[in-house]
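Undergrad: sequence and predicted model, in that order:
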Amino acid sequence: MGLSFRQGEIVAIARASGRVVVEDLAQRFGVTVQTIRRDLAGIVAAGQLDRVHGGAVARGGVSNIDYAARARSHAGAKAAIGRAVAALIPDNASIILNLGTTTEAVARELLRHRNLTVLTNNMNVANILAYNPGCEVIVAGGVLRRSDGGLVGELTSGFFEQFKVDFAVIGVSALDSAGDLLDYDLAEVRVSKVIMARARQVILAADHSKLERRAPVRLGSLAEVAVWVTDQPPPDALALACAAWGVRVLVG
């Protein structure tokens, strides 16, 4: 079964980022969600992708779990990490919070901070911090990822390039034994690279489960991070690598 040009593009996107979301594809190609659903049906019939709720994933590859499941997963650990990260952030600071349920946990712990300037491409973070009257929230532009309220794309990267902040608090989808920071979405990674470059200090907020996951897109290395806040001590080899890189490991 042959694929159309658009279907071929969809397959390429899925293989690069791990998964595709129907609404995002409809906006990208300027067609209706019904058209994208028909495209995906044909792609799945051709054996190129596997259908999942809200989109499709690369067959035989890895994909991120949906937002609701991620929000529930390791909720206690994320809350503890959020408290530990917030303790590192003084009042009167400027911060970037990127995408992820762990950075959202950090946002909840910043509700009592004062005189913060928070930049984010995470609509959930913005909604949380809207309840802190002592926090100026600046939301990036970009393409809305309806699956989790994230904003990505060239407009998002260009927005962050205009700033230099005290801290960037980032989450990742996976972390391998060599210390590589990994994610599923190439567009998200491009934005996160800019975020890391525009911060004086980068804080990684990532629980131990990230060491058990695989993701195809490399964001960077733990060596580029000042502090890694997690919920359990890392494996000995990775702990030694962090010490050699001068990365502080803080167990929340």
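TA: Happy to help now that I have it. Numbering: from 1, shown residues only.

Undergrad: pretty sure Asn124 sits against Arg145.
TA: No: Asn124 is not in contact with Arg145 according to Cβ atoms under 8 Å; the separation is 11.3 Å. Where C-beta positions appear, they are placed from N, C-alpha and C, glycine not excepted.

Undergrad: give me the more crowded residue out of these two.
TA: Between Asn124 and Arg145, counting by other Cβ atoms under 10 Å, Arg145 is the more crowded of the two (23 against 20).

Undergrad: bridged to the more buried one, which residues?
TA: Gly150 (DSSP bridges).

Undergrad: can you pull out the strands in the stretch 101-250 of the chain?
TA: Using DSSP state E, counting those that start in this stretch, the strands of the stretch 101-250 of the chain run over 116-120, 135-139, 143-145, 150-152, 165-170, 174-175, 180-183, 199-205, 217-221, 227-230, 248-251.

Undergrad: how close does the closest residue in space to Tyr184 that isn't next to it in sequence sit to Leu97?
TA: Leaving aside its chain neighbours, Tyr184 sits nearest to Gly18 (3.7 Å; criterion: Cβ to Cβ, 6 or more residues apart in numbering). Distance of Gly18 to Leu97, given as Cβ to Cβ, to the nearest Å: 22 Å.

Undergrad: more neighbours, those two?
TA: Shown here are Gly18 and Leu97; by other Cβ under 10 Å, Leu97 has more neighbours (30 against 22).

Undergrad: in the sheet, who's paired with the more buried one?
TA: Per DSSP bridges, the residues bridged to Leu97 are Thr120, Val169.

Undergrad: which ones are touching it?
TA: Thr103, Val106, Ala107, Val118, Leu119, Thr120, Asn122, Val125, Val169 (Cβ atoms under 8 Å, 6 or more residues apart in numbering).

Undergrad: repeat for Ala14
TA: Here Ala14 is in contact with Val20, Leu49, Ala56, Val57, Ala58 (Cβ under 8 Å, 6+ apart).

Undergrad: the helices in the stretch 1-150 of the chain, which residues?
TA: Along the stretch 1-150 of the chain, the segments classed as helices by DSSP state H, counting those that start in this stretch run 5-17, 22-29, 33-45, 67-72, 75-88, 101-109, 123-129.

Undergrad: I'd like these as TSV, with distance to Leu182 appended.
TA: As requested, those are exported to TSV (distance: least, Cβ to Cβ, whole Å):
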stretch	distance to Leu182
helix 5-17	12
helix 22-29	20
helix 33-45	25
helix 67-72	15
helix 75-88	18
helix 101-109	15
helix 123-129	21
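
Undergrad: between those helices, which gets nearest to Asp183?
TA: helix 5-17 (8.6 Å; Cβ to Cβ).

Undergrad: so that closest one versus strand 217-221, what angle?
TA: 30 degrees (axes from the mean of the first three to the mean of the last three Cα atoms, to 10 degrees).

Undergrad: what mean pLDDT does helix 5-17 have?
TA: Per-region confidence: helix 5-17 scores 82 on mean pLDDT.

Undergrad: do stretch 229-244 as well
TA: Here the average pLDDT along stretch 229-244 is 97.

Undergrad: what's the answer for stretch 214-226, then?
TA: pLDDT averaged over stretch 214-226 gives 93.

Undergrad: repeat for stretch 117-132
TA: Mean pLDDT, stretch 117-132: 96.

Undergrad: same check, this time on stretch 201-209
TA: Mean predicted confidence for stretch 201-209 is 96.

Undergrad: quick check: end-to-end length of it?
TA: 24 Å (Cα to Cα, to the nearest Å).

Undergrad: could you do stretch 153-168 as well?
TA: Note: stretch 153-168 ends 19 Å apart using Cα to Cα.

Undergrad: quick one: contacts of that stretch?
TA: Outside stretch 153-168, the residues touching it (Cβ under 8 Å, 6+ apart) are 88-89, 93-96, 98, 117, 119, 121, 140-143, 187, 190-191, 194-196, 198-203.

Undergrad: circling back to that earlier point, what about the residue nearest to Tyr184, distance to Val125?
TA: 23 Å.
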